[in-house]
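K.L.:
Sequence first, predicted model second:
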Amino acid sequence: MSQTLIWAGAAALVIGIVPAARLLLSTVTVRGGSMTPTLHHGDVLLVLRHRRRARPGRLVVVQRPDPRTGWTGPVTSSGWYVKRVVAVAGDPMPPWVAGDQPGRVPPGMLVLRGDHPRSEDSKQWGLCPADRMYGVVLLRLRTGGERVTA
């Protein structure tokens, strides 16, 4: 096989992979301190735009709840939250989740919590529908640099 043919094949592979990667991967910049000490304002995250990998302990990007109706109302809010998944469908319901909740997390729902004690999450907003999830955080690409030391 000639060198030209090998390079042409490699170029075709890259041309096909890059658009596919853009459909699956995204970057998100953290704004605010709801995930400190894990994440800080300005951190840049690589996100897999995929809804099936939400498991307890993972960080996810979800649509910000509406200030009036939370996650249960129509999608009217713009913006995103980065939160940690605490429980998924079938897991025991944590006692601190807002609202009158059953003993186990219902299908299609997530329990979310920020790492900072004053984070707005399922403590205030209740269960988050899994279809409001944008994706799962894979890794931090860049540190924002705003650190507060106690």
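P.N.:
Good, I have the coordinates.

K.L.:
how far away is Val86 from Pro129?
P.N.:
Distance, Val86 to Pro129, using C-beta to C-beta, to the nearest Å: 15 Å. The way it works is simple: take the backbone N, C-alpha and C, and place the C-beta from them, glycine included.

K.L.:
Show me which of the two is the more surrounded one.
P.N.:
Val86 (19 against 15; other C-beta atoms under 10 Å).

K.L.:
ok, that one touching Val111?
P.N.:
Yes. Counting by C-beta atoms under 8 Å, Val86 touches Val111, with 4.5 Å between them.

K.L.:
what do those two both touch?
P.N.:
94, 122 (C-beta atoms under 8 Å, 6 or more residues apart in numbering).

K.L.:
burial of the closest residue to Arg132 other than its chain neighbours, as a residue count?
P.N.:
Nearest non-adjacent residue to Arg132, counting by C-beta to C-beta, 6 or more residues apart in numbering: Gln63, 4.4 Å away. Using other C-beta under 10 Å, Gln63 has 19 neighbouring residues.

K.L.:
Identify the residues contacting Gln63.
P.N.:
Gln63 touches 71, 75, 77, 79-81, 132-134, counting by C-beta under 8 Å, 6+ apart.

K.L.:
Among these, which one has the most neighbours?
P.N.:
Tyr81 (25 neighbours).

K.L.:
quick one: low-confidence parts of the chain?
P.N.:
By pLDDT under 70, the low-scoring segments of the chain are 1-22, 51-52, 76-77, 145-150.

K.L.:
in it, which spans are strands?
P.N.:
25-29, 44-48, 59-63, 80-88, 109-113, 128-129, 133-142 (DSSP state E).

K.L.:
Which neighbouring elements make contact with the fifth one?
P.N.:
It stands for strand 109-113. strand 59-63, strand 80-88, helix 122-125, strand 128-129 (3 or more C-beta pairs under 8 Å, 6 or more residues apart in numbering; DSSP states H and E).
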